[in-house]
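Enquirer: Predicted coordinates and the sequence they were generated for:
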Amino acid sequence: MAVNWKRQCLKRDGYKCRLCGAGYPIIETNKGRYLHVHHIDLSGVILFGSDRNNNIDNLITLCPPCHQKEHAKIKDVIFSLKINNNCTLDDIAKMLKLDPRVVAHIFNVACVERNGNRPLP
Ligand SMILES: [Zn+2]
Ligand SMILES: [Zn+2]
């Protein structure tokens, strides 16, 4: 429990998952069984820490299973738009009002998870 924005978010949400109401420890353990703080605009999934929007309005407390589902959902949407609808990553970024770097990162992760390899450029 180091960072302030995490503490603020957990406190506001009453130390419970905002989606399912589950309570988990707030101590960060190796096994990940603790309350996570999710970035609603997905800025949290990119690697550039300083670019993340840590404003309290952009944060939500989630339990580990709900957090995983939230990330899986957006990965499915981006993967399907690119592969099934043949959209470019830039189009998708505009459509979802996301930073193109975020979209590219999420798409790469989805490809690695599905195919075990990197997408064609
Ligand atoms: Zn939950
Ligand atoms: Zn998240």
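Expert: Perfect, I can see it now. Ligands and ions are numbered 1, 2, ... in the order given.
Enquirer: Could you tell me which residues of this structure lie near ligand 1?
Expert: C17, L19, C20, A22, C63, C66 (Cβ under 5 Å from the ion). No exception for glycine: its C-beta is placed from N, CA and C like everyone else's.
Enquirer: Tell me the first helix or strand C-terminal of the lengthiest helix in the chain.
Expert: The longest helix of the chain (DSSP state H) is helix 64-83. Next helix or strand after helix 64-83 toward the C-terminus (DSSP states H and E): helix 89-96.
Enquirer: The helix or strand just after that following helix and ligand 2, are they touching?
Expert: Where DSSP H and E defines the elements, the next helix or strand beyond helix 89-96 is helix 100-115. No: shown here: helix 100-115 not in contact with ligand 2 (Cβ under 5 Å from the ion), separated by at least 11.0 Å.
Enquirer: List the buried residues for helix 100-115?
Expert: Using 16 or more other Cβ atoms under 10 Å as the test for burial, helix 100-115 gives V102, V103, A104, H105, I106, F107, A110, C111.
Enquirer: L89: neighbouring residues, count only.
Expert: Counted with other Cβ atoms under 10 Å, the neighbours of L89 add up to 21.
Enquirer: if we can go back for a sec, give me the buried entries from the residues of the chain next to ligand 1.
Expert: C17, L19, C63, C66.
Enquirer: Most widely separated two among those?
Expert: L19 and C63 (7.7 Å; Cβ to Cβ).
Enquirer: Check the offset of stretch 60-77 from the chain's centre.
Expert: 6 Å (Cα atoms, centre = their mean, to the nearest Å).
Enquirer: I would like the residues contacting that stretch, please.
Expert: 9-10, 12-13, 15-20, 22, 24, 32-38, 40, 42, 45, 96, 106, 109-110, 113 (Cβ atoms under 8 Å, 6 or more residues apart in numbering).
Enquirer: out of the residues you listed, which are inside helices?
Expert: Per DSSP H, the contacts of stretch 60-77 map to helices at C9, L10, R12, L96, I106, V109, A110, E113.
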